[in-house]
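In: Pasted the sequence and its predicted model underneath.
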Amino acid sequence: MTRAALERVARLLPVLAIVLMLTACSDFWVSDSSVQTLTVSPNALILKAATTGTNPVAGDTYTLSASGTTVGGTTSDYTDAASWTSSATSVVTASANGVINVVATTADQTAVITAKDGATGTCSVLTYTGTAPSGSSAVTIDLPNGLSTTVSAGQTFQLKASASLSNNPTHDISNYVTWTSNNPAVATISSTGLVTVLSTATTGDNFYITATATFASGTASGQSSTFSLPLL
């Protein structure tokens, strides 16, 4: 190789180093239109199992939806675009457009439905038999033993939800409800029922928690007692 050619190669080496560095940083190549988060709604369902015998009845069918937010911050409906799968096809099957069908014939079978389009979102499904509860007081929110409704800033505690389901009057459905706080500026609650009183909560603040179970036939919910930070 001639001296001139070697000089040209030497001048290209810094450019090559930059290209390799950017290639290693995958975020550099992510388009603003790439889906960053995908949320399935609802995130939990309790669906009726199929029945067998002389007059079999098919299990519940439900249509989920998926909402996606891109890297650029645009939120759109991804229900039709996403691919849908079930973690347990012997319990619940998933097909295009978010349609799921219960094929299990017994209660307390579980499956996780996943929607994917770049990012992923999930919905947890529990099967039941008999009649679904309904109404605004059909779900009971259970407090840990010894927990007072007087709380302090920074405190965390676990709630549980129960309902009369599948011949069990106190069936634990904690993982199959949607948890919400009426005052998230004071306390938040996770998808598993873990309450966190924010460190910024002050004397006199209060909040309550709601648990909502979604069935093919409608919803059932329950509300906790009101928690408060004590007055000085």
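Out: Okay, I see it. Numbering: from 1, shown residues only.

In: Please count neighbours and contacts with C-alpha atoms only from this point.
Out: Will do.

In: Verify the stated contact: Gly118 with Gly68.
Out: No - the criterion here is Cα atoms under 8 Å, and Gly118 misses it with Gly68 at 9.6 Å.

In: Look at the two and report which has more neighbours.
Out: Per other Cα atoms under 10 Å, whichever of Gly118 and Gly68 has more neighbours is Gly68, with 26 against 14.

In: quick check: domain ranges of the chain?
Out: As given by automatic domain parsing, the domain ranges for the chain are 35-128, 140-228.

In: helices or strands next to the longest strand seen in the chain in the packing?
Out: Taking DSSP state E as the criterion, the chain has its longest strand at strand 119-128. The elements that strand 119-128 packs onto, with contact taken as 3 or more Cα pairs under 8 Å, 6 or more residues apart in numbering; DSSP states H and E, are strand 35-41, strand 44-48, strand 110-117.

In: Now for the nearest residue to Phe227 once chain neighbours are set aside, how many residues are close by?
Out: Among residues not flanking Phe227 along the chain, Thr149 sits closest, at 4.6 Å (Cα to Cα, 6 or more residues apart in numbering). Residues near Thr149, counting by other Cα under 10 Å, number 17.

In: likewise Gly53?
Out: When neighbours are defined as other Cα under 10 Å, Gly53 has 6 of them.

In: For the protein, just list every one of the helices.
Out: All helices of the chain, identified by DSSP state H, fall at 3-24.

In: pLDDT weak spots in it?
Out: For the chain, the stretches with pLDDT under 70 are 1-31, 232.

In: correct me, but Tyr176 touches Pro42?
Out: No - counting by Cα under 8 Å, Tyr176 does not reach Pro42; the two are 10.0 Å apart.

In: Who are the contact partners of the residue nearest to Phe227?
Out: Thr149 makes contact with Ser225, Thr226, Phe227, Ser228 under the criterion Cα atoms under 8 Å, 6 or more residues apart in numbering.
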